[in-house]
Structures are given as structure tokens and as C-alpha cells.
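Enquirer: Quick one: sequence plus predicted model below, questions after.
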Amino acid sequence: AQKITQTQPGMFVQEKEAVTLDCTYDTSDPSYGLFWYKQPSSGEMIFLIYQGSYDQQNATEGRYSLNFQKARKSANLVISASQLGDSAMYFCAMREGPSDYKLSFGAGTTVTVRA
Amino acid sequence: SQTIHQWPATLVQPVGSPLSLECTVEGTSNPNLYWYRQAAGRGLQLLFYSVGIGQISSEVPQNLSASRPQDRQFILSSKKLLLSDSGFYLCAWSQDRGISYEQYFGPGTRLTVT
């Protein structure tokens, strides 16, 4: 079964607007971590933000915030004030267990920012 | 600061030829190391990971193998490439301590098997 589901294959957003990228996950482990990565056309994966399952507050990193809804098993990424440089593929990933190193990745969402 | 290097950046190899991709990390010690493969327009598939020298865990049975001859060196190999081995190969590292274990990726190698 898919551990990470990203249902939006592609999205368009106007420059300076906010965009929300959906991510749902499936795990029975009470301890897990959720990650978002950005992959521009160059191919390199860039770590954006992390949310732990026991974190009480939603994670934020600059223009990135994670809308963590634990009961719904949802970890949506919000990018505020979109910039042309935000055009890229975005991946949601999960680490299960307190010390498991492995990440499971979703299929990704392509974001295109329009001027 | 830590940096991760991968080479070559691109590679075109005929079917049946051998493969060796190299990954090195600088600025940290005893990192966890990972090899991923990404098919065009798809997510990442974990191939191998290593928590120490000589310790390799395989996630997917396939035509590839990995080795870690030194603490900060991770090598992906194949004796005979298949067409299905084409893809984008990414190496990553993470700290062996901390909470999040976020992984940091190298620039990747685009492999085309012809």
C-alpha cells in the first residue's frame, strides 16, 4: 500500500499568491516524521521542512509552512508569496519509527508559477 | 559545512556494460548513506542504505549492488546493465543522531542505458 499519497500531479499558481500542496500518509507507528523536498529542473533534491509526529505546533521555515492534521493523516505544504523560482516538483516523504532512517516518497506535485 | 558530491553527472552506457557511480560526503563523520533511483516524472525509490563501513542494506532486489569502502564514500555498481536501469540516481546522507534525520541529496547522475 502507498505510504505517501500526493493527489495533485500539477498545479499552476500566480506569482505572489499562496499555494497548498496536498499530502496524506499511512502509518500505524505513533512515532514518525514528515518531510517536504523541492526538486527543480536541475534534479537536485532540496530539503524544505520537517514535522515530527509529536510536534505540537505546525512547522514553519520562511515562506514554507506545514499544515499538519494528525487525525486526518495529512501534512500539506503551504508556500506563501510564490516566486518564479518556486517552479519545481515537490515531494512529500515520511520516516516511520523513532530511529528508522529510511524515507518513503510520494509521486510528487509539479508547481508552475506564472508571472 | 557538509557537502555531497556525485559523479559522473551524466552517463550513457550500452546494455551489458558495467557501472560504477560514486558518492562522497565532506564535513561530517559516520553519516548514514543512501542510493535512490528516480524514473522520469516519478518519485524516489530507495535502493540501498548504509549505516557504517561495509554495512549495506538492500531495499529492492535487482541488478545493482552497493559498497561503502570508506566512511564517507558510497559506490553503486552493476556488472551488466539492463535497459531498465536507466534513470536518475541520487545519493543522500543523514546524521546518525538528532531527531529528524533529514536527508541531504547530491546533484545526481542521469544514466541512460542504450
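Expert: Sure thing, it's come through. Residues are numbered from 1 along each chain as shown, chains lettered A, B, ... in the order given.

Enquirer: Give me the spatial nearest neighbour of B:Ser20, chain neighbours excluded.
Expert: On the basis of C-beta to C-beta, 6 or more residues apart in numbering or on different chains, the spatially nearest residue to B:Ser20 that is not a chain neighbour turns out to be B:Ser77, at 5.2 Å. C-beta: built from backbone N, CA, C; applies to glycine.

Enquirer: Please look at that neighbour and B:Pro18 and confirm they touch.
Expert: Yes. Using C-beta atoms under 8 Å as the test, B:Ser77 is close enough to B:Pro18 to be in contact (7.2 Å).

Enquirer: Quick one: name the residues of chain B near chain A.
Expert: B:32, B:34, B:41-46, B:49, B:51, B:59, B:88, B:90, B:92, B:94, B:99-108, B:110 (C-beta under 8 Å from any C-beta of the partner chain).

Enquirer: What about those, which are in strands?
Expert: Those of these mapping onto strands are B:32, B:34, B:44-46, B:49, B:51, B:88, B:90, B:92, B:94, B:104-105, B:110, per DSSP state E.

Enquirer: circling back: compare B:Ser77 and B:Pro18 and say which is more crowded by neighbours.
Expert: Here B:Ser77 and B:Pro18 are compared on neighbour count by other C-beta atoms under 10 Å in any protein chain shown; more neighbours surround B:Ser77, at 13 against 10.

Enquirer: Go ahead and name everything in contact with the one helix or strand that one maps to.
Expert: Element membership for B:Ser77, per DSSP states H and E: strand B:73-78. Outside strand B:73-78, the residues that touch it by C-beta atoms under 8 Å, 6 or more residues apart in numbering or on different chains are B:18-24, B:33-35, B:47-48, B:50, B:63-69, B:85, B:89, B:91.

Enquirer: No further questions, thank you.
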